[in-house]
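Undergrad: Predicted coordinates and the sequence they were generated for:
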Amino acid sequence: MSTSSRGSYTAVLPVAGLGTRFLPATKATPKEMLPVVDKPAIQYVVEEAVASGIDDVLFVTGRSKNALENHFDYAPALEGVLAARGDTRSLDELAKIVDMAHIHYVRQGQPLGLGHAVSVASKHVGRKPFVVMLGDDLIDASTPILQTMIATHEKLGGSVLCLMEVDPTEIHLYGCAQIESTDTDGIVRVTGVVEKPTAEEAPSNYAIIGRYLLQPEIFDVLATQEPGRSGEIQLTDAIETLINSNAGGGVHAVIFTGKRYDTGDKMSYLQSVISIALEREDLGPALRTWITKKLANDI
Ligand code: UTP
């Protein structure tokens, strides 16, 4: 059983991918910095970590990391102008971003795959269970799935994945899990994982989404992990090895049934912006009116 206590986890946020599905916007800007209404996507993810009691965040960055680093740092010139204007609301909002968590950076060097990105976090994390959160996976804040994952780890030990049921025609876009039920509703045992299988190969229609609670044994596996699908060092392949060797105490998963967006995908990104804006008190009513008129060809 884990000896971790809440708040002692590091959240590893890999943001070194090339974001090719969102070119040309992502040529010089990391996709995680694309705004979802008025905050970059990555800020929602850090806020989710903080809401789950995590205050140590490690970004695994690649090229064009400056925008991201600057976002989580002080901006003296801007703050000076806001102070001179007496805009305390904006100042407070900016201060919150900097004070939210202890933020660290490590460079991936080459984008050799998600598994490789996670492996470069090993020195910072040490031999403790840790969380991986994908910066382009935006999870609706009303479903505190990360807290459920942490609670599951603290009860059962081992690693914990997050699964979402998808249409079988979409499973080839995700890692896929083979599962067995447990005594607890919404929590399953994972008996195998496969990266982006065809619908015929897929052992289920449960997709692995971008939240992981991993045992440090994953670093030992990743150290010798060969490139897999697309020539990348895949985290899914390393998890399969963890399952087969039972290293770190097995793998469970929680089933996510809330709202989730892939902000690295153009359509899902647009859906995230519209959904979140519609839910906002300051924007929702006017946007709803505008969309209704737009769809009626009135404007
Ligand atoms: P994706 O496969 O969604 O990211 O990786 P990508 O490669 O940037 O996307 P496309 O397909 O080219 O549009 C999932 C997450 O893993 C990170 C990405 O930044 C993303 O958050 N990642 C991926 C790395 O940090 N390093 C890598 O080598 C690969």
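TA: That came in fine, so what should we check first? Note that the structure is predicted; figures quoted are calculated from it, not measured.

Undergrad: Give me the secondary structure label for whichever residue of the chain sits closest to the ligand.
TA: Of the residues in the chain, the one nearest the ligand is G17, at a distance of 2.1 Å by Cβ to the nearest ligand atom. In short, each C-beta sits where N, CA and C put it, glycine included. Secondary structure, DSSP: H, G, I helix; E, B strand; the rest coil: G17 is coil.

Undergrad: same thing with E180?
TA: E180 falls in the strand class when you classify it by three-state DSSP.

Undergrad: what pairs with it across the strands?
TA: Beta-bridge pairing of E180 under DSSP bridges involves R189.

Undergrad: neighbours around G248, how many?
TA: Counted by other Cβ atoms under 10 Å, the residues lying close to G248 total 20.

Undergrad: sec struct for it, please.
TA: Assigned by three-state DSSP, the conformation of G248 is coil.

Undergrad: what's near enough to touch the residue nearest to it when sequence neighbours are not counted?
TA: Nearest residue to G248 in three dimensions, chain neighbours excluded: Q215, at 2.9 Å (Cβ to Cβ, 6 or more residues apart in numbering). In this structure, Q215 makes contact with 129, 158-159, 242, 247-249, judged by Cβ atoms under 8 Å, 6 or more residues apart in numbering.

Undergrad: same check, this time on P40
TA: Each residue near P40 by Cβ under 8 Å, 6+ apart is listed here: 32-34, 68, 71.

Undergrad: hey, what's it bridged with?
TA: The residues paired with P40 through beta bridges, assigned by DSSP bridges, are P35.

Undergrad: The residue of the chain closest to the ligand is in contact with R63, isn't it?
TA: No. Using Cβ atoms under 8 Å as the test, G17 is too far from R63 to be in contact (10.6 Å).

Undergrad: And these two? Which one has more around it.
TA: It is G17, of G17 and R63, that has more neighbours when counted by other Cβ under 10 Å, with 23 against 14.

Undergrad: Pull the contacting residues for the more buried one.
TA: Residues in contact with G17, defined by Cβ under 8 Å, 6+ apart, are 31, 62, 111, 114, 117, 136, 264.

Undergrad: 6 Å - rerun?
TA: By Cβ atoms under 6 Å, 6 or more residues apart in numbering, the contact set of G17 is P111.

Undergrad: Averaged pLDDT, stretch 93-107. What do you get?
TA: Along stretch 93-107, the predicted local confidence has a mean pLDDT of 95.

Undergrad: Can you pull out the residues in contact with that stretch?
TA: When contacts are defined by Cβ under 6 Å, 6+ apart, stretch 93-107 is touched by residues 50, 55-61, 72, 74, 120.

Undergrad: Check those residues for burial and list the buried ones.
TA: Those of these that meet the buried threshold are 56-61, 72, 120, by 16 or more other Cβ atoms under 10 Å.

Undergrad: Residues of the stretch 151-299 of the chain that sit close to the ligand?
TA: Selection of the stretch 151-299 of the chain residues close to the ligand by Cβ under 6 Å from any ligand atom yields G264.

Undergrad: Thanks again, I'm all set now.
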